[in-house]
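**Q** Structure, please.
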Amino acid sequence: MTIADNLNKIRVTLPTGVQLVAVSKTKSNEEIMEAYRAGQRIFGENKVQELVRKWESLPKDIEWHFIGHLQSNKVKAIAPFISMIHAVDSLKILKTINEEAQHAGRIIPCLLQFHIASEESKFGFLPDEAEELFSMTHLSELLNVAISGVMGMATNTEDVSEINREFSTLCGLFHQLKTGFFQGNDHFREISMGMSHDYLLAIENGSTMVRIGSTIFGERCIAGK
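**A** Got it, this is the predicted structure:
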């Protein structure tokens, strides 16, 4: 199966309104271009240096999404071109993105990452911090970010009921925030959850954006290419 075949196989499973982010981290320009020629335009990266290299050398109509843990000192490098930042996991990074977006003369769409998994290694706000975050934050001052929804990763487990429960938690958080703080805000509409092994469950639970890598490009080899 080619990358184009894999993409087409995935696309027929996506309902209208669900966007596909092709996770291209560690993948070569040639592999990305194969997906591009098959019509894919949204790609996700989790390393700033690698992302900048690819942005510089690949077609400029690609929408680059940053999907990894972002350090404050790396925001400046991607602020001029990034289409969306998925994993905003602190008020500090949100303010830094706003500042760098202002310098770049842009408004950057961002998703708030919530820690919904049982694994401690995952980043994100805790679910019970949601209302506290916005009660303390003057969103009107963050003029150069557009908070566009929520993002989360489920536990890496074979337990479908646990994954369903975690995805349901994130969907509930989205609606809680939409009702409490973003009512009437058209920007706040995305629920980014679901990867290669669990994206169909994520869609059943309300995901509007799935992040799929290995099912498109194949498993990463030992050399990391």
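
**Q** ok, now how distant is the residue nearest the centre of the chain from residue 176?
**A** Most central in the chain under Cα atoms, centre = their mean is residue 86, positioned 3.4 Å from the mean C-alpha point. Shown here: residue 86 relative to residue 176, a distance of 19 Å by Cβ to Cβ, to the nearest Å. The way it works is simple: take the backbone N, C-alpha and C, and place the C-beta from them, glycine included.

**Q** Check the offset of the helix or strand of the chain with the lowest mean pLDDT from the chain's centre.
**A** In the chain, no helix or strand scores lower on mean pLDDT, DSSP states H and E than helix 130-136, which sits at a mean of 72. Relative to its parent chain, helix 130-136 has a centroid offset of 21 Å by Cα atoms, centre = their mean, to the nearest Å.

**Q** mind listing what the next helix or strand after it pairs with, with the direction of each?
**A** Counting by DSSP states H and E, the element after helix 130-136 in chain order, helix or strand, is strand 145-151. In the sheet, strand 145-151 lines up against strand 108-113 (parallel), strand 190-192 (parallel) (DSSP bridges).

**Q** what's whichever helix or strand comes after strand 145-151 packed up against?
**A** Of the helices and strands lying after strand 145-151 in sequence (DSSP H and E), the nearest is helix 160-180. If you count contacts as 3 or more Cβ pairs under 8 Å, 6 or more residues apart in numbering; DSSP states H and E, helix 160-180 packs onto helix 130-136, strand 145-151, strand 190-192, helix 199-204.

**Q** now the ones you listed as CSV including distance to residue 69?
**A** What follows is the helices and strands packed on helix 160-180, written out as CSV (distance: least, Cβ to Cβ, whole Å):
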stretch, distance to residue 69
helix 130-136, 18
strand 145-151, 12
strand 190-192, 15
helix 199-204, 20
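
**Q** out of these, which comes closest to residue 99?
**A** Ranking the helices and strands packed on helix 160-180 by proximity to residue 99 (Cβ to Cβ) places strand 145-151 first, at 9.6 Å.

**Q** Flag the shaky bits of this structure, pLDDT-wise.
**A** 120-122, 136-138, 220-225 (pLDDT under 70).

**Q** thinking again about what came up before, which one of the strands paired with strand 145-151 lies closest to residue 94?
**A** strand 108-113 (6.7 Å).

**Q** roughly how far is the closest one from the heart of the chain?
**A** Using Cα atoms, centre = their mean, the offset of strand 108-113 from its chain centre is 8 Å.

**Q** Which residues are in contact with the residue nearest to the centre of the chain?
**A** Residues in contact with residue 86, defined by Cβ atoms under 8 Å, 6 or more residues apart in numbering, are 44, 65-67, 111, 113, 151, 192, 211.

**Q** Thought residue 165 was touching residue 201, still the case?
**A** No - using Cβ atoms under 8 Å as the test, residue 201 is too far from residue 165 to be in contact (10.6 Å).

**Q** Which one's more surrounded, the two?
**A** When neighbours are counted by other Cβ atoms under 10 Å, residue 201 and residue 165 differ, and residue 201 comes out ahead with 18 against 15.
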